[in-house]
Structures are given as structure tokens and as C-alpha cells.
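J.: Provided below are the primary sequence and the corresponding predicted coordinates.
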Amino acid sequence: MTVATYAGKEVTVNSEGFFEDPSVWDEEMAPEIANSFGVPELSERHWQVIKFMRHEYETKGEGPSVRALGKSSGVSIKELYELFPKGPAKLAAKIAGIPKPHGCI
Amino acid sequence: MTKNIVILGGGTGGTLVANRAKKVLHDLDVAITVIDQDNEHLYQPGLLFVPFGLKAPESLVRNRKNQLKRGINFLKAEVVSVDTASNRVHLASGDSISYDVLVISTGNTLQIEETEGLSGSGWGKNVFTFYTLEGADALNRALAKFSEGKLVVDIIDVPIKCPVAPLEFCQLADWYFKQKGIRDQIEITLVTPLDGAFTKPVCNRELSGLLRSKGIEVITEFNTGQVDGVSKKLVSYDGREVAYDLAVVVPLHGGADFVGRSPGLGDELNFVTVDEFTLQAKVAPNVFAIGDAPNLPTSKAGSVAHFAGEIVVENIGHYLQGEPLSALFDGHTNCFIESGFHKALLIDFNYETEPLPGHYPSAIGLPLLRESKLNHIGKLLFEKLYWYGILPGRNIPGIKSLMPRMGKRFENQEKGS
């Protein structure tokens, strides 16, 4: 566990950078988290995904996988990879301040 | 009054739950009906062997109805949807069937169309799957003719049925081409969206080493977005490419289509959302799901259907008597991993415990996480056990639903994770 500072607030994150406590996240932190993971600017499309992640987490208790995002966030999987390179579900979850989506087995 | 237990799907999970319920719940005045769209029960673990000519396709199929105990109704019908508010199953014929308890065991549906180009010009020519009987048979003919080039085994996404099957396929291919004396003219590559050959650390280390020792390359974190059958390459969503001459693809898996048409029943991929311990559906207390159909956070494997089967039957009994659902599934899974040259590994794990070395089912037994001839024999004998022990819902001596801790070397788990 480490402490990171986003939008002037200290938060604890795990070794991979996921928030330990999603409730301390707010929208002001998102651009700085994104920056620190190589996403220079958050567009409206980024925000659509981030808000969807938050909503899913708040209603279902966990973040969606990339397949689920592609089916229900309104953003295709191809575009998700453009917006959040490498691992869209993981990266978007970090920026949205929610835990790592369940790795399927 | 007689209670109707309706079971959708007459595969591994559905059949063993029906037979076990018939035996265990006989005091409760229940009528059991199994519905399936066809009458062909496929021994799915056998699919792996078909491409290599080690199993004849027709030897893997038996009559579904004949696997059910006397007194269980079998209905051949296609399910359109389930209305959990009125406790009715709607059929394609326009009829509907009412239930007191519903068990969903309709397994996976391969989502071939979800991957761009997968069903395109390469399908059946240079792109195959062994996840269907027809596919495995077609691949058998393709492998027989394959004499040089790149053989690529590609997992589109997880979860998949039997997550070790693609690894087994690679190792059997290594054996197959060595037997033919042409292994040095063939490159074998496993392409996976995961960050290793297997998700759990100790097992991943063991399996990765095994693949490496056989000269099988593993390309990780590759999320296939497109299969280009014309220029014969896989393209990932982030623009990476893997060229192939023969691609063996494990398509995206989802649940049955009717789940998607039944409000509240499933998730985005049509897997039934359940409580991972009781196997009760989130949508209604009288609906359960078993086998590959639920969204359990464990492998999709016949052993899971087997171990969870006892739990589901017990909980159906509790539900019908108005008792709390006290039988809890621990995620127990075990799989033989065929590694070629008449050897196999065995892994045994659950929600909490990753596959560890040791022995199963106890300190004396089959070696875990280690290649051995004994495990290979176990895998072959398993087919008989499947038809005559597991499907009839018998108690198998020494084999319990919950994962045994005895025989496992736990100290390795700390080091590995």
C-alpha cells in the first residue's frame, strides 16, 4: 500500500495503483490519476466510460470487464483500447477510483 | 402436492442434478423434468483428443435421455425465455411449463460472431476450433495434412470451458508432430489475453516451464480483435499482429441466448448471476444455476458441475422445506492436464486456495501439479467414471464436494503469491 496525492488530497492505493477506498474518489482527481498512468487528457468519451464504471461499481459492487464495457457502456471495445491503452477495464477502473475488476479464471 | 423441478439442459450438470435429486429428494414428492434442445449428450473432455485421432467423434456421444434415471421426464424442446415472476419457462413451440424450482444448466454458447473475421474466409480452411464436435473433427483432417509452418492456438477471451484445454492442445500437438518426425518444421504458439499461461502463480510457474521445455512459445496479454483469414494473421485490439498458417481458436464464451431474453436472469455475457456459495440465482429464490451456466468466479469445468451438483440438490431440498440454504460451495475444481507422451498433471483448487503441489484426494493419491503416467491413466479412466459414476449422481468413494486440504503443500502458496 502506498499513498498518492491527487487534486491535493492524499489517498491510499494498492501496489498496482487501485484505490483502497473508492468513496474518497472525486471527479477532480480523475485527470491527475489519468495523467500518472499515461493518459494525458480526458475527453468526453473517456468520461462516459469513467462514469459508467462508477455507476456499475456503485450498483453491482464491482467494476465491469472489457467485454461487459463493450456491450453496455456505449463505447466499442476497439475504441476502449484507443481511449485506455493496453488494458481498458483495468486502466479505467484506476482512473474511476474503483477496485480492480474481477480477473476471470 | 407434487412440486415440479424443471431442469434446463441435459449435459453434465443437469443430468447429475436430476439423478441426484431423484435419489435424495424422494421423500419430498417431486416431479423432475429435464429439457434440452437435442438428445445428444457429448462427453466434452473427449473433444481435446479428436484432432489428434486419439478419439473417434462418434464414441463421445450418447443418448441424453438414457443417462436419466427412470421416473425423470425428458422433453426435447427449445427454450425461448424464463419468466421468473410467474415461474414459467416459455418454449419455441409456444407452450410454456410451470415450475416450483428451476435449475439452469445450459452451459456455454460459443460467440463466434463477436470476433471480427473469425467466421470469415479462413473458417474451416486455416481457422478451426476444437470446442465443438464438428470443429474437432474438421481440425483432425487439417492437422493430418499440416506439415510445416506456424500453428497458433488463440484464446479470444476468458472465461472459457476448461481453461487448461488450450495448454493441453499445445502439448498434444508437440507430441503429435514429434511422432510424425516433423516437429522441427512446425512452430507452436499459445496466444492468450492473460498475463501468463494460467492465472494462479504456482500453477502458472509450473505450466509455463513445461511449455517452454517443449519449445512452445507463449504470447501474453493479447486481446484478439480480428482474425484475418486472408493474410492469415491475428490482430489484437491494440494493433499487435501474430501470423499463422493454422489457427486453432477458442471463441468467446457466453451463456445461453434465452438467458439474455429473460429479464434480470443474467449478466452481459448471459451467464446467470448467482450467489457463489449457495448457487441460488440473484433474480429469484427458486432458481438455481449450475455447471458453466452461472457467473461463478472459478473455472468452467465439469468438475465444478460435479462438486456443485451435490450442493444444489441439498439446497433445493432446503428451499422446498422452507429452510435456510445451508449447503455452501467452496469453488472446488480439479482438472487433469494432458501433457503428451502418456503423461498428465492434476490440479485441485477452490475459491481460496490456488493449485498447489502434493497429492489428491489425500496424502496418498495422484500427484498434484506434477507430470506423471498415473495422472494420464486417471484421465483416461475418468471417461468411464463420468458415464457410470458422476452422471448417475453416485457418491464416489474418497471424492468429496469440498476441496481436501490434506495432501497439499501449503507452504508453496505463500512463496508463490
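T.: Cool, the structure landed.

J.: burial count for residue 31?
T.: If you meant another chain, say so; for now it's chain A. As a burial measure, A:Pro31 scores 17 neighbours (other Cβ atoms under 10 Å in any protein chain shown). To be clear about C-beta, it is placed using only N, CA and C from the backbone, and glycine gets the same treatment.

J.: wait, chain B
T.: By the measure other Cβ under 10 Å, the count of residues near B:Ala31 is 14.

J.: And A:Val49, by the same measure?
T.: What A:Val49 shows, counting by other Cβ under 10 Å, is a neighbour count of 26.

J.: surely it meets A:Ala93?
T.: No - using Cβ atoms under 8 Å, A:Val49 makes no contact with A:Ala93, being 10.0 Å away.

J.: buried ones in the helix ranked longest in chain A?
T.: Using DSSP state H, we find that the single longest helix of chain A is helix A:44-60. Residues A:46, A:49-50, A:52-54, A:56-57 are the ones in helix A:44-60 that count as buried (16 or more other Cβ atoms under 10 Å in any protein chain shown).

J.: Let's see the pLDDT reported for B:Leu42.
T.: B:Leu42 is assigned a pLDDT of 98 by the prediction.

J.: Specify which member of the buried residues of helix A:44-60 is nearest to chain B.
T.: Nearest to chain B among the buried residues of helix A:44-60 is A:Glu56, at 10.1 Å by Cβ to the nearest Cβ.

J.: re the thing from before, how about TSV for the buried residues of helix A:44-60, with distance to chain B and pLDDT added?
T.: Formatted as TSV, the buried residues of helix A:44-60 follow (distance: Cβ to the nearest Cβ, whole Å; pLDDT from 0 to 100):
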residue	distance to chain B	pLDDT
A:His46	17	97
A:Val49	15	96
A:Ile50	18	96
A:Phe52	12	95
A:Met53	14	94
A:Arg54	17	95
A:Glu56	10	91
A:Tyr57	15	93
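
J.: and those residues as TSV, adding distance to B:Asp27?
T.: Formatted as TSV, the buried residues of helix A:44-60 follow (distance: Cβ to Cβ, whole Å):
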residue	distance to B:Asp27
A:His46	59
A:Val49	54
A:Ile50	55
A:Phe52	50
A:Met53	49
A:Arg54	50
A:Glu56	44
A:Tyr57	45
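
J.: the bottom helix or strand of the chain by mean pLDDT?
T.: Defaulting to chain A. helix A:66-72 (a mean of 88; mean pLDDT, DSSP states H and E).

J.: Show me what it is packed up against.
T.: Applying 3 or more Cβ pairs under 8 Å, 6 or more residues apart in numbering or on different chains; DSSP states H and E, one finds that helix A:66-72 makes contact with helix A:44-60, helix A:77-83, helix A:88-95.

J.: Reformat those as JSON lines; add distance to B:Arg409.
T.: Listed next are those as JSON lines, based on distance: least, Cβ to Cβ, whole Å:
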{"stretch": "helix A:44-60", "distance to B:Arg409": "37"}
{"stretch": "helix A:77-83", "distance to B:Arg409": "40"}
{"stretch": "helix A:88-95", "distance to B:Arg409": "32"}
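
J.: Minimum distance to A:Pro22: which of these has it?
T.: Comparing the helices and strands packed on helix A:66-72 against A:Pro22 with Cβ to Cβ, the closest turns out to be helix A:44-60 (6.4 Å).

J.: check contacts around B:Gly13.
T.: B:105, B:107, B:290-293, B:305, B:308-309 (Cβ atoms under 8 Å, 6 or more residues apart in numbering or on different chains).

J.: which one among those gets closest to chain A?
T.: Closest approach to chain A among the contacts of B:Gly13 (Cβ to the nearest Cβ): B:Asp292, at 12.6 Å.

J.: roughly how far out does the longest helix along chain B sit from the chain middle?
T.: Counting by DSSP H, the longest helix found in chain B is helix B:302-320. On the basis of Cα atoms, centre = their mean, to the nearest Å, helix B:302-320 sits 17 Å off its chain's mean C-alpha point.

J.: next one: stretch A:88-102
T.: Going by Cα atoms, centre = their mean, where stretch A:88-102 is centred and where its chain is centred differ by 4 Å.

J.: quick one: contacts of that stretch?
T.: By Cβ under 8 Å, 6+ apart, the surrounding residues in contact with stretch A:88-102 are A:11, A:16-19, A:22, A:24-25, A:29-30, A:33-34, A:37, A:39, A:42, A:46, A:49-50, A:53-54, A:57, A:62-66, A:69, A:77, A:80-81, A:83-85, B:297.

J.: Stretch B:225-233 too?
T.: A:77-78, A:81, B:115-118, B:120-123, B:125-127, B:154, B:234-237, B:241-245, B:247, B:249.

J.: let's see it at 6 Å
T.: Residues from elsewhere that reach stretch B:225-233, judged by Cβ atoms under 6 Å, 6 or more residues apart in numbering or on different chains: B:116-118, B:120-122, B:126-127, B:234-237, B:241, B:243-244.

J.: Close to chain A as well: tell me which of the residues you listed qualify.
T.: B:Tyr237 (Cβ under 6 Å from any Cβ of the partner chain).

J.: Closest one of the contacts of stretch B:225-233 to chain A?
T.: Lowest distance from chain A to the contacts of stretch B:225-233 (Cβ to the nearest Cβ) belongs to B:Tyr237, with 4.0 Å.

J.: correct me, but the closest one touches B:Asn223?
T.: Yes - shown here, B:Tyr237 and B:Asn223 form a contact pair, counting by Cβ atoms under 6 Å, at 4.8 Å.

J.: Leaving out the residues flanking it, which one is nearest to residue 53?
T.: Since you didn't name a chain, this refers to chain A. Distances taken as Cβ to Cβ, 6 or more residues apart in numbering or on different chains put A:Ala96 closest to A:Met53, at 4.0 Å, once the chain neighbours are dropped.

J.: That was the other one, I meant chain B.
T.: B:Asn140 (6.0 Å).

J.: for that neighbour, what are its contacts?
T.: Counting by Cβ under 6 Å, 6+ apart, B:Asn140 makes contact with B:50-51, B:53.

J.: My assumption is that it lies in a helix; please confirm.
T.: Yes - per DSSP: H, G, I helix; E, B strand; the rest coil, B:Asn140 lies within a helix segment.

J.: Now do it, the pLDDT please.
T.: 98.

J.: With A:Gly63 instead?
T.: Per-residue confidence (pLDDT) for A:Gly63: 88.

J.: any idea how far it lies from B:Gly9?
T.: Distance of A:Gly63 to B:Gly9, given as Cβ to Cβ, to the nearest Å: 30 Å.

J.: ok so, going back, nearest to B:His318 among the contacts of stretch B:225-233?
T.: B:Leu118 (43.5 Å).

J.: Find the nearest non-adjacent residue to the closest one, please.
T.: B:Val227 is the one closest to B:Leu118 (Cβ to Cβ, 6+ apart), at 4.6 Å.

J.: Could you count how many residues lie near that neighbour?
T.: As a burial measure, B:Val227 scores 27 neighbours (other Cβ under 10 Å).

J.: measure it to A:Pro88 for me?
T.: Using Cβ to Cβ, B:Val227 is found at 20 Å from A:Pro88.

J.: how about low-confidence regions in the chain?
T.: No chain was given, so I picked chain A. Along chain A, segments meeting pLDDT under 70 span A:102-105.

J.: you looked at the wrong chain, it should be chain B
T.: By pLDDT under 70, the weakly predicted segments of chain B are B:412-417.

J.: B:Val202 versus the residue nearest to B:Gly53, what's the distance?
T.: Relative to B:Val202, B:Asn140 is positioned 34 Å away (Cβ to Cβ).

J.: Sounds good, over and out.
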